[in-house]
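>>> for reference, the sequence and a predicted model appear below.
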Amino acid sequence: MRNLSEIRELLDEFDHQPANALEDQYLDFKEWNTRSRKDAVALVIEMAICMANGGGGTVVFGVNDKVVGRSNAIRGVPPEVDINRLKKAVYDSTDPKLTPVFQELPVPERTKRLIVMQIYPGLPPYTDTSGKGKIRVGKDCQPLTGTLRRRIMVETGETDFTAAEIPGRPES
């Protein structure tokens, strides 16, 4: 989990390398979709689920992660985006319910702010309300397939696949 001052320091690194070079299992940068509010909120929900299934982490919205140069990379998040509504959208659209922590990070570029979402580790698997999920594996969000779901359930002690009924009578 990265705090705001750590993220502020990382923003200066954009002058030397693209944001995706700084990403890892617990940190991701995403550009805010200014064309479609619905798609932007869907990405927030997808990233919340992905990070929760991968052990938690931080997502910084408003950054183009493929370009070099701080002023090129920081696109910002529009001022009308309400972090309380984002929190409600994630909560209402996840199963089990996720309650991320959102913070605004003021920046001098463009819209003057980034949005930082913190996802704390819980007990996966998490999905959207239709049952779809993703999991953070390294720098990527991968579909939460049956194999990955089983692995999570075994790792969290949710399922014991070694438990099986033994036929016949027990010996004394």
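Received, thanks.
>>> got any ranges where this structure has weak pLDDT?
156-166, 172 (pLDDT under 70).
>>> so in it, which helix runs the longest?
helix 37-53 (DSSP state H).
>>> can you name the next helix or strand after that helix?
Next helix or strand after helix 37-53 toward the C-terminus (DSSP states H and E): strand 57-61.
>>> show me what that following strand is packed against.
Applying 3 or more C-beta pairs under 8 Å, 6 or more residues apart in numbering; DSSP states H and E, we find strand 57-61 packed against strand 27-30, helix 37-53, strand 113-119. To be clear about C-beta, it is placed using only N, CA and C from the backbone, and glycine gets the same treatment.
>>> hey, where'd the helices end up in the protein?
4-13, 37-53, 70-73, 83-92, 146-155.
>>> chain center to the fourth one: distance?
On the basis of C-alpha atoms, centre = their mean, to the nearest Å, helix 83-92 is displaced by 14 Å from the centre of the chain it belongs to.
>>> orientation of it relative to strand 57-61 in degrees?
On the basis of axes from the mean of the first three to the mean of the last three C-alpha atoms, to 10 degrees, helix 83-92 is oriented at 130 degrees to strand 57-61.
>>> just the angle between helix 83-92 and helix 37-53, please?
When the same axes, to 10 degrees is applied, the directions of helix 83-92 and helix 37-53 differ by 60 degrees.
>>> tell me the helices and strands packed up against helix 83-92.
helix 37-53, strand 101-106, strand 113-119.
>>> what's in contact with it?
Contacts to helix 83-92, defined as C-beta atoms under 8 Å, 6 or more residues apart in numbering, come from residues 41, 44-45, 48, 97-100, 102-104, 115, 117, 129.
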